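1. need the 3D shape of this:
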Amino acid sequence: MQIGAHVDQTDPLAEARAREAGVVQFFLGDPQSYKGPVVAYAGGPTALRADAEAAGIDLFVHAPYIINVATTNNRIRIPSRKLLQQHVDAAAEVGAKGLIVHGGHVNKADDPEKGFDNWRKAIEATDLKVPVLIENTAGGENAMTRHLDRIARVWEAISAAEGSEQVGFCLDTCHAHAGGNELETVVERLRAITGRIDLVHANDSRDAFDSGADRHTNFGTGQIDPDLLAGVIRSADAPVICETPGGAEEHVADFAWLRERL
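-> I've put the predicted structure just below:
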């Protein structure tokens with residue numbers, strides 16, 4: 001099982017080597033901005049792709065947090081779709097294995113069905129040069145991917161879209177716990193819905209079950225039972241990205257904690 005971490009985007013390969021990791025995740029640019037992606041690596045995207053391949057390091061890119069293709073607000077949805085395409089293109093240029101995107105939300109007064117269908121439209125409108133991995137989120141009653149029933153409706157909608165075979169799933173353990181999904185059965189139920197789990201964001205949770213709080217913490221310091229957390233990651237059987245706090249030293253400790261239980 002590959003275990004790595006979310007790292008600084010300036011030199012993700014150096015960050016991977018500092019952690020002795022064969023896989024890393026990073027942003028391309030500002031995760032809170034509608035400005036297009038930026039490759040900070042010396043030599044640009046071509047060099048990053050070549051150097052990662054030579055080093056045997058797999059790359060994943062996390063899309064900006066502000067992308068919300070589900071919303072009915074055109075002033076957010078249209079720029080979000082543009083930004084999604086830009087990051088798909090940039091992720092392909094650096095040779096990423098996938099682009100992780102949050103599920104987004106609709107407004108309180110909106111019919112959730114509009115959000116599900118907006119996901120279908122977004123998939124149809126995007127040239128998916130790399131897999132887009134939709135991630136479950138922790139909070140919000142109007143979120144598209146907090147609860148399993150909503151995830152099922154998103155998947156039902158996008159399954160009708162051309163290119164849906166390029167859409168995968170990223171399971172975040174903290175988000176699942178804080179979002180109110182029983183970890184004992186979440187992998188089995190997600191596979192029944194999506195048919196796949198392509199990546200795991202492995203995180204402990206600072207807050208209680210169903211709190212709706214997206215606050216990651218290091219393994220063994222949060223409120224998820226350690227054996228249950230390890231069991232979810234083992235069952236998911238996918239590459240693991242730790243989005244836990246700290247730098248290389250803390251991540252190496254988290255890797256060791258996890259490997260001991262796997």
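
2. quick check: buried residues in the helix or strand encompassing L229?
-> For L229, the host element (DSSP states H and E) is helix 226-236. Buried positions in helix 226-236, judged by neighbour count with 16 or more other Cβ atoms under 10 Å: 229-233, 235-236. Placement of C-beta: from N, CA and C, glycine included.

3. same question for stretch 109-120.
-> Quick answer for stretch 109-120 (16+ other Cβ under 10 Å): 110, 112, 115-120.

4. residues in contact with it?
-> 69-72, 77, 103-106, 142, 144, 150, 153-154, 156-158, 160-161 (Cβ atoms under 8 Å, 6 or more residues apart in numbering).

5. repeat that with 10 Å
-> 68-73, 77, 80-81, 103-107, 134, 142-145, 149-150, 152-162, 164, 167 (Cβ atoms under 10 Å, 6 or more residues apart in numbering).

6. in the stretch 51-200 of the chain, where is pLDDT below threshold?
-> For the stretch 51-200 of the chain, no stretch is flagged by pLDDT under 70.

7. now the strands for it?
-> Assigned by DSSP state E, counting those that start in this stretch, the strands in the stretch 51-200 of the chain fall at 58-62, 99-102, 132-135, 167-172, 199-202.

8. now stretch 208-220 - C-alpha only, CSV.
-> The C-alpha trace of stretch 208-220 is given here as CSV (Å, rounded to 0.1, in the frame of the first residue of the first chain):
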residue,chain,number,x,y,z
ALA,A,208,-16.9,14.2,17.5
PHE,A,209,-18.9,11.9,15.2
ASP,A,210,-21.4,13.9,13.1
SER,A,211,-20.0,17.2,14.3
GLY,A,212,-19.8,18.6,10.8
ALA,A,213,-16.3,20.0,11.6
ASP,A,214,-13.5,19.5,9.1
ARG,A,215,-10.6,19.5,11.5
HIS,A,216,-7.8,17.0,10.8
THR,A,217,-5.4,15.8,13.5
ASN,A,218,-2.6,13.3,13.7
PHE,A,219,-3.3,9.6,14.1
GLY,A,220,-4.0,8.6,17.7
